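Participant: this one's sequence-less:
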Ligand SMILES: Nc1ncnc2c1ncn2[C@@H]1O[C@H](COP(=O)(O)OP(=O)(O)OP(=O)(O)O)[C@@H](O)[C@H]1O
Ligand SMILES: [Mg+2]
């Protein structure tokens with residue numbers, strides 16, 4: 001959804017953000033805390049726990065993007081909106097169109113599609129000279145067959161929805177036999193928030209190495225890299241993100257190479273005013289390959305990590321960028337922060353949870369999404385994660401060690417689902433491993 005805000009003084013302004021998810025909530029809170037009025041464009045009326053008191057909202061059918069642009073633009077004009085922004089992956093293209101229509105600071109709408117669609121992204125990044133994994137779009141069985149037999153793809157390879165996010169439907173396969181079910185799973189993965197139908201799947205050469213992301217903010221075409229983040233994922237066929245740590249200090253030549261690729265990627269997908277989150281793999285030789293770029297702030301509480309580790313209020317900065325004001329992007333702290341996500345080892349009924357970290361000194365944030373009795377899933381997408389906690393401190397190693405120790409303590413027990421039509425007896429629960 002989109003959220004607008006109006007400044008309390010002088011003249012009205014607005015911003016657009018998505019209301020679902022912690023990043024949207026943080027953005028709306030940041031706007032309200034600065035005395036702005038927040039308006040929301042949302043698929044459904046604000047739920048039980050609105051992130052901030054809304055000055056107004058407009059209900060939008062995001063599956064019809066053309067109409068959505070018209071409706072949001074009309075609403076924005078009616079209410080004197082001065083800024084429009086989103087932290088929602090699925091709404092970045094729409095937001096760039098709305099900003100362009102209203103003459104507000106935003107991204108280039110001609111390229112915004114390339115930050116949403118992995119086939120278009122591969123095309124524009126390759127044209128711009130960014131090092132990316134060889135990528136083929138497969139709309140039907142014929143193209144899938146050709147892609148899987150293309151020696152430039154090879155095995156292992158990654159199969160994923162062209163317009164997906166949150167790792168949903170992303171599967172790394174090691175041979176042809178695994179590829180067909182993976183392609184079917186990627187085809188049936190649906191966008192979680194809006195989107196206009198399925199855009200096909202992509203088959204991509206596997207980029208081996210260590211995964212990082214680069215968090216950047218661009219204002220009037222000038223980019224500031226806020227941090228490089230190390231990313232942990234599950235290691236099986238499905239790569240669910242299990243943690244982020246920042247800032248990472250890379251050898252200076254490697255860092256320069258990463259920043260060079262990322263800056264080119266940012267320009268290529270038309271990011272001119274707003275955040276970007278670029279995911280890269282660095283191989284043993286220090287070469288950087290861009291896996292994907294998103295024209296939004298990194299999800300997974302990266303905004304909180306930036307705040308605690310570096311003292312950068314990225315939500316306030318994004319509001320300023322959207323309002324066309326100078327954004328404060330210089331670090332005011334030199335700490336470290338990590339977020340760890342907790343996953344279930346299998347699908348079943350959550351029977352007990354214990355020894356969870358508590359919010360307190362060095363643990364500024366704990367969020368638990370699942371409750372005892374819930375059906376939980378072995379993680380195949382980021383949305384399957386059960387909860388998370390953030391650890392901060394001045395020393396990177398100590399922060400990691402503390403997070404590891406807190407993670408090891410957590411006890412997650414998952415029992416089987418009652419058989420359909422059966423007596424509903426839970427078998428002895430099994431202690432889960434946690435993401436670390
Ligand atoms: N070509 C590749 N080579 C190696 N690993 C890959 C490749 N493509 C995807 N992966 C792995 O799968 C993960 C998810 O893929 P990708 O980022 O493309 O999907 P996504 O749905 O956009 O994810 P998210 O929105 O969570 O970033 C990556 O972080 C990486 O671990
Ligand atoms: Mg990704």
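Facilitator: Alright, I've got the coordinates. Keep in mind it's a predicted model, so treat the numbers as computed, not measured. Ligands and ions are numbered 1, 2, ... in the order given.

Participant: could you list the low-pLDDT ranges of the stretch 151-300 of the chain?
Facilitator: For the stretch 151-300 of the chain, applying pLDDT under 70 flags the ranges 190-198.

Participant: and for the stretch 301-436 of the chain?
Facilitator: Residues of the stretch 301-436 of the chain that meet the cut-off, pLDDT under 70, sit at 420-436.

Participant: can you give me the strands in it?
Facilitator: 336-342, 348-354, 365-368, 375-376, 387-393, 411-415, 430-431 (DSSP state E, counting those that start in this stretch).

Participant: so the first one versus strand 348-354, what angle?
Facilitator: Right, the one you point to is strand 336-342. Strand 336-342 runs at 130 degrees relative to strand 348-354, counting by axes from the mean of the first three to the mean of the last three Cα atoms, to 10 degrees.

Participant: how far off centre is the helix or strand encompassing residue 41?
Facilitator: Residue 41 is part of strand 38-42 when elements are defined by DSSP states H and E. Put simply, strand 38-42 sits 20 Å off its chain's centre (Cα atoms, centre = their mean, to the nearest Å).

Participant: tell me the mean pLDDT over the helix or strand that it is followed by?
Facilitator: Downstream of strand 38-42, the next assigned helix or strand under DSSP H and E is strand 54-59. Here strand 54-59 scores 90 as its mean pLDDT.

Participant: who does the strand holding residue 41 pair up with?
Facilitator: strand 2-4 (antiparallel), strand 54-59 (parallel) (DSSP bridges).

Participant: next one: the helix or strand following the longest one to chain centre, how far?
Facilitator: The helix or strand immediately downstream of strand 54-59 is helix 65-78, counting by DSSP H and E. In terms of Cα atoms, centre = their mean, the centre of helix 65-78 is found 25 Å from the chain centre.

Participant: what is the burial count for residue 123?
Facilitator: Per other Cβ atoms under 10 Å, the neighbour tally for residue 123 reads 16. Heads up, the C-betas are built off the backbone N, CA and C, glycines and all.

Participant: helix or strand: which one has it?
Facilitator: Judged by DSSP H and E, residue 123 forms part of helix 118-127.

Participant: packing partners of whatever helix or strand comes next after that helix?
Facilitator: For helix 118-127, the succeeding helix or strand toward the C-terminus, using DSSP H and E, is strand 135-138. Secondary-structure packing of strand 135-138 (3 or more Cβ pairs under 8 Å, 6 or more residues apart in numbering; DSSP states H and E): helix 118-127, helix 141-148, strand 201-205.

Participant: which of those sits most buried?
Facilitator: strand 201-205 (a mean of 25; mean count of other Cβ atoms under 10 Å).

Participant: who's in contact with that strand?
Facilitator: The set of residues external to strand 201-205 that reach it, using Cβ atoms under 8 Å, 6 or more residues apart in numbering, is 118-119, 122, 133-138, 144, 147-148, 150, 152-154, 157-162, 169, 179, 183, 186-187.

Participant: kindly report the same for stretch 148-156.
Facilitator: With Cβ under 8 Å, 6+ apart as the criterion, stretch 148-156 contacts 134, 136, 147, 157, 172-176, 179, 203-206.

Participant: that one: which residues count as buried?
Facilitator: Within stretch 148-156, the residues that count as buried by 16 or more other Cβ atoms under 10 Å are 148, 153.

Participant: now do the end-to-end distance for it.
Facilitator: Here the two ends of stretch 148-156 are set 10 Å apart, with distance taken as Cα to Cα, to the nearest Å.

Participant: am I right that residue 231 sits in a helix?
Facilitator: No - counting by DSSP: H, G, I helix; E, B strand; the rest coil, one finds residue 231 to be strand, located in no helix.

Participant: who does it bridge with?
Facilitator: Beta-bridge partners for residue 231, by DSSP bridges, are residue 244.

Participant: for residue 207, see how far away it is.
Facilitator: Distance of residue 231 to residue 207, given as Cβ to Cβ, to the nearest Å: 13 Å.

Participant: check residue 42 too.
Facilitator: Using Cβ to Cβ, residue 42 is found at 36 Å from residue 207.

Participant: one more: residue 381?
Facilitator: Distance, residue 381 to residue 207, by Cβ to Cβ: 20 Å.

Participant: which residues of the chain lie near ligand 1?
Facilitator: Residues of the chain lying near ligand 1 by Cβ under 6 Å from any ligand atom: 133, 158, 160, 164-168, 170, 204, 206-207, 211, 233, 239, 241, 279, 291-292, 382.

Participant: if we go to 8 Å?
Facilitator: Within reach of ligand 1 by Cβ under 8 Å from any ligand atom, the chain has these residues: 89, 118, 133, 135, 156-158, 160-161, 164-170, 172, 204-208, 211, 231, 233, 239-241, 277, 279, 281, 289, 291-292, 294, 299-300, 381-382.

Participant: ok, of these, which come out buried?
Facilitator: For those, buried by 16+ other Cβ under 10 Å: 89, 118, 133, 135, 157-158, 160-161, 164-170, 172, 204-207, 211, 231, 233, 239-241, 277, 279, 281, 289, 291-292, 294, 299-300, 381-382.

Participant: please parse the chain into its domains.
Facilitator: In terms of domains, the chain is parsed into 2-104, 134-205, 208-334, 337-431 (source: automatic domain parsing).

Participant: ok now the second one, how far from the chain's centre?
Facilitator: Looking back up the chat, that one is domain 134-205. For domain 134-205, the distance to the chain centre is 19 Å (Cα atoms, centre = their mean).

Participant: how long is that domain end to end?
Facilitator: Domain 134-205 has an end-to-end distance of 5 Å (Cα to Cα).

Participant: ok, now the longest one?
Facilitator: From its first residue to its last, domain 208-334 covers 31 Å (Cα to Cα).

Participant: ok, now stretch 157-170?
Facilitator: 11 Å.

Participant: in CSV: the helices and strands packed on strand 135-138, plus distance to ligand 2.
Facilitator: Shown next, in CSV, are the helices and strands packed on strand 135-138 (distance: least, Cβ to the ion, whole Å):
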stretch, distance to ligand 2
helix 118-127, 9
helix 141-148, 20
strand 201-205, 12
